[in-house]
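Colleague: coordinates for the following, if possible.
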Amino acid sequence: EAAEATTERGTPTAAGARHSGPPDSRSGDLGQEDLPAPSELGRRWEYRVDNGSAEDGYLGSGEPAIARDPASVLAAIRPLGCRPGELPMPEAALEVTYARGKLPGVGMLLQFAEDDSARRFFTEHAGVLEQCTAAGRADVSIEQHTDDLLVSTRDEQIGGTPAWTEGVGLRADQVMLIAV
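Modeller: Numbering: from 1, shown residues only. This next block holds a predicted model:
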């Protein structure tokens, strides 16, 4: 069972209930400094602030980093048209947004209660992506897959969604996902 991710500034809870006010720019012990700096993504990348909107169904934190509801993160990272996996629930989730010109990027850091849960998440997510390579609506290619790193490219062929590259890394009790 996931611990609640609620902060005094109104972050969503792990169960998905929302509180008023903007979410925090930290989630548990996770902060913006725990994800790559824009320069680590490549030339001309910079932080981007996503303020969200009522129409989008969320508010931003006013910072590039935003605490995320772990359950909503699990729902969002599942590729459309691919089999759902049984992913362990993280205790905390932090999103950092980037941009290179008009090209958006997002980093997500997931903190688990134990190393084994992070490893299960990494392994199951990799399995879902590998299964997607044969799916009709999601064109997924696995570019690299090691014990602690997975790099894939994806083009979901749905409503003008652009293609992107996703890196997934495992480090102890954390999983980092970077999509550009």
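Colleague: what number of residues lie near Asp29?
Modeller: Residues contacting Asp29 under the criterion other C-beta atoms under 10 Å number 10. Backbone N, C-alpha and C define where each C-beta goes, glycine included.
Colleague: kindly report the same for Arg119.
Modeller: 18.
Colleague: and Phe122, what is it in contact with?
Modeller: The contact partners of Phe122, by C-beta atoms under 8 Å, 6 or more residues apart in numbering, come to 148, 150, 168, 170, 175.
Colleague: mind listing the helices for the protein?
Modeller: For the chain, the helices defined by DSSP state H occupy 38-41, 70-77, 115-132.
Colleague: next, the buried residues of the shortest one.
Modeller: It stands for helix 38-41. 38, 41 (16 or more other C-beta atoms under 10 Å).
Colleague: and it, average pLDDT?
Modeller: The pLDDT scores in helix 38-41 average 94.
Colleague: residue nearest the centroid of the protein?
Modeller: By C-alpha atoms, centre = their mean, the mean C-alpha position of the chain lies nearest to Met108, the distance being 3.6 Å.
Colleague: which residue, other than its chain neighbours, is closest to that residue?
Modeller: Leaving out its chain neighbours, the residue that sits closest to Met108 by C-beta to C-beta, 6 or more residues apart in numbering is Leu177, at 4.4 Å.
Colleague: check the nearest residue to Ile77 once chain neighbours are set aside and give its pLDDT.
Modeller: Sequence neighbours aside, Leu177 is the residue nearest to Ile77 in space, at 6.6 Å (criterion: C-beta to C-beta, 6+ apart). In this model, Leu177 is scored at 95, pLDDT.
Colleague: what number of residues lie near Leu177?
Modeller: For Leu177, the count of nearby residues is 21 (other C-beta under 10 Å).
Colleague: hey, what's it bridged with?
Modeller: With DSSP bridges as the criterion, Leu177 is bridged to Met108, Val168.
Colleague: any idea how far Leu59 is from it?
Modeller: Relative to Leu59, Leu177 is positioned 22 Å away (C-beta to C-beta, to the nearest Å).
Colleague: now do Asp116
Modeller: From Asp116 across to Leu59, the span is 34 Å (C-beta to C-beta).
Colleague: the more surrounded of these two?
Modeller: Taking other C-beta under 10 Å, Asp116 and Leu59 do not tie; Leu59 has more neighbours (18 against 11).
Colleague: re the thing from before, please produce a markdown table containing the helices of the chain, extended by distance to Tyr98.
Modeller: Compiled in a markdown table, the helices of the chain are given as follows (distance: least, C-beta to C-beta, whole Å):
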| stretch | distance to Tyr98 |
| --- | --- |
| helix 38-41 | 6 |
| helix 70-77 | 17 |
| helix 115-132 | 21 |
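Colleague: fine by me, thanks again.
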